[in-house]
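Student: Return atomic coordinates for the entry below.
(one chain, ligands or ions: 1)
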Amino acid sequence: MSVRDIPLSFATRRHFLKGSAAVAGALAAPLIIPQSVHAASDDVIKVGLIGCGGRGSGAAAQALSADKNVHLVAVGDAFEDRAKSAASSLREQFAGRVKVTPETTFVGFDAYQKVIHADVDVVILTSPPHFRPAHLKAAVEAGKHIFCEKPMAVDAPGVRSVMASVEEAKKKKLNLVAGFCWRYDYAHRATFQLIHSGILGPITSHYSTYNTGGLWNHGRKAEWSDMEWQCRNWLYFTWLSGDHIVEQAVHSIDKVAWAHKDEMPVRAIAHGGRQVRTGPAYGNIFDHFSVVYEYADNTRAFLYCRQQDGCASGVVDYITGTKGVCNLHSGGLYQIKAGDMTWSYNGPKNDMYQTEHDELFAAIRAGKVINDGVRMTTSTLMAILGRMAAYTGRMITWEEALNSKEDLTPPSYQWGTLPTPPVAMPGKTKFA
Ligand SMILES: NC(=O)c1ccc[n+]([C@@H]2O[C@H](COP(=O)([O-])OP(=O)(O)OC[C@H]3O[C@@H](n4cnc5c(N)ncnc54)[C@H](O)[C@@H]3O)[C@@H](O)[C@H]2O)c1
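Tutor: Coordinates of the predicted model:
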């Protein structure tokens, strides 16, 4: 199926939601918390890691911790130093279960193909987001189970490719777990289960922030080509990261989507720019955004994100409905007030990153299928929609974003010259 054949209704999820009963009486209902996982078989599950940075190393460690018969057998990265250092640090932590050899250590832009075809059962996709659609497509084509970090793409052609891969993964009954980690956090699950039960009444507004200081920057070495410099500092180039609204604040956008049962907004209007990270070291991304997402019922969600040092930080949500309000704070507050009732989460706490892998490997052992594909794709497009609205200064509809022709792929994947694309200028940057 070509990516053009994906029905647009994929994007709204309404047809999925119509059939699902509301979670009645969820206050009294037991929380859906998974059992701890024990390997059901002695068969070894072989894992390949693609993108050997901080998250990739963490995800591989979580895969190895999820099941005592998981082996890491292959690694791939654009850069040799990253591939080798991840393998050696994992070897120290998981003696005997890291079977990576020089022959299964792959380097370069095609390393992903080699990892996928190195006799693995599961692949971990943790490269910069630009590469995710191609890596996901190849993994699904090869019939691998997948753990795939967020975001899933940086532009609409990438999103459409991911949609096609998701449908293909469903047909092949492949597990596809996404790194939207709050969906695997027990406290968040309990809170959103209550919201979905109707305790707040219909949602009338959602205020959400992902405000932080600046992130890492590796600078530039004289011997690095433009392409190497950009790939090593991928956060700062929209073609690689999608900008920080897509790369980081997509976690908060995913919570907005979750609260709305993954129904997508119909349009967005946004502000954004770069005030403090203006030098060439910061590529072409913005350092702040604010987005108003408008829903079909005329309600709105407000998303604020910034990466600016010395400013108030916070990852919070205030979700207001006709009957109550929910306050979430990443510091550990999960509270719902509705009428005279105040509810706070006091159930078990988990490591959501570990739970992602516990549930993935338990499903593989049990012959079950988890497929996070639809929501991981729509939340990613919701973030891209916000960026498009901020970059252009225009009101952008969901359908426009989904059908956008803007393709951020560079002319070629060569270690050579690649000028930094211009910084977007609202009112001047055209929607494509
Ligand atoms: N869920 C979360 O909480 C969370 C946290 C951190 C990062 N992430 C996501 O994980 C992904 C990786 O982030 P990170 O923090 O590990 O970054 P990182 O820079 O530490 O790691 C990325 C790795 O990918 C490699 N790479 C670059 N181009 C590649 C290519 N074409 N093929 C293979 N490898 C390539 C880099 O050399 C690097 O080693 C991103 O999508 C990021 O958004 C998610």
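Student: ok, Phe289 touching Gly272?
Tutor: Yes. Between Phe289 and Gly272 there is a contact under C-beta atoms under 8 Å: 4.0 Å. From N, CA and C alone the C-beta is placed, and that goes for glycine too.
Student: any shared contact partners between the two?
Tutor: Taking C-beta atoms under 8 Å, 6 or more residues apart in numbering as the contact rule, Phe289 and Gly272 both touch Ile245, Arg387, Ala390.
Student: what's the closest of these to the ligand?
Tutor: The closest of those to the ligand turns out to be Ile245 (C-beta to the nearest ligand atom; 11.9 Å).
Student: Any idea how many residues pack against the closest one?
Tutor: Residues lying near Ile245 (other C-beta atoms under 10 Å) number 33.
Student: What helix or strand is it located in?
Tutor: helix 244-247 (DSSP states H and E).
Student: hmm, who's touching whichever helix or strand comes after that helix?
Tutor: Later in the chain than helix 244-247, the nearest helix or strand by DSSP H and E is helix 250-259. Contact partners of helix 250-259, identified using C-beta under 8 Å, 6+ apart, comprise 150-151, 180-183, 188, 192, 195, 203, 206, 208-210, 242, 245, 263-264, 293, 301, 303, 305, 315, 317, 319, 326, 328, 375, 378-380, 382-383, 386.
Student: Please apply the same query to stretch 425-432.
Tutor: By C-beta under 8 Å, 6+ apart, the surrounding residues in contact with stretch 425-432 are 271-273, 388, 390-394, 396, 400, 404-406.
Student: can you map out the strands along the stretch 101-250 of the chain?
Tutor: With DSSP state E, counting those that start in this stretch as the criterion, the stretch 101-250 of the chain has strands at 105-107, 122-125, 145-148, 176-178, 203-212.
Student: Any figure for the gap between the residue in the stretch 251-400 of the chain that the ligand sits nearest to and Glu294?
Tutor: When scored by C-beta to the nearest ligand atom, the stretch 251-400 of the chain has His251 as its residue closest to the ligand, at 6.7 Å. Per C-beta to C-beta, to the nearest Å, His251 is found 21 Å from Glu294.
Student: Which one of the two is surrounded by more residues?
Tutor: His251 (22 against 17).
Student: What separation is there between that one and Glu228?
Tutor: 28 Å.
Student: For Leu202, give me phi and psi.
Tutor: Let me fix one detail, which is that residue 202 is Pro and not Leu. Dihedral pair for Pro202: phi -60, psi 140, per degrees, to the nearest 10.
Student: Next up, the contacts around the residue nearest to the spatial centre of the chain.
Tutor: Central residue of the chain (C-alpha atoms, centre = their mean): Lys150, 1.8 Å from the mean position. When contacts are counted by C-beta under 8 Å, 6+ apart, Lys150 touches Pro129, Ala178, Gly179, Phe180, Val250, His251, Asp254, Met376, Ser379, Thr380.
Student: Show me the beta-bridge partners of Phe302.
Tutor: For Phe302, the beta-bridge partners under DSSP bridges are Tyr207, Val292.
Student: Run through the helices of this structure in chain order.
Tutor: 14-18, 54-66, 80-93, 111-116, 132-141, 156-171, 186-197, 226-232, 238-241, 244-247, 250-259, 352-366, 373-392, 398-403 (DSSP state H).
Student: Need those in JSON lines (columns: distance to Gly214 and mean pLDDT).
Tutor: Output for the helices of the chain, formatted as JSON lines (distance: least, C-beta to C-beta, whole Å; pLDDT from 0 to 100):
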{"stretch": "helix 14-18", "distance to Gly214": "39", "mean pLDDT": "27"}
{"stretch": "helix 54-66", "distance to Gly214": "16", "mean pLDDT": "98"}
{"stretch": "helix 80-93", "distance to Gly214": "22", "mean pLDDT": "98"}
{"stretch": "helix 111-116", "distance to Gly214": "29", "mean pLDDT": "98"}
{"stretch": "helix 132-141", "distance to Gly214": "24", "mean pLDDT": "98"}
{"stretch": "helix 156-171", "distance to Gly214": "26", "mean pLDDT": "98"}
{"stretch": "helix 186-197", "distance to Gly214": "26", "mean pLDDT": "98"}
{"stretch": "helix 226-232", "distance to Gly214": "17", "mean pLDDT": "98"}
{"stretch": "helix 238-241", "distance to Gly214": "14", "mean pLDDT": "98"}
{"stretch": "helix 244-247", "distance to Gly214": "10", "mean pLDDT": "98"}
{"stretch": "helix 250-259", "distance to Gly214": "17", "mean pLDDT": "98"}
{"stretch": "helix 352-366", "distance to Gly214": "23", "mean pLDDT": "97"}
{"stretch": "helix 373-392", "distance to Gly214": "19", "mean pLDDT": "98"}
{"stretch": "helix 398-403", "distance to Gly214": "28", "mean pLDDT": "98"}
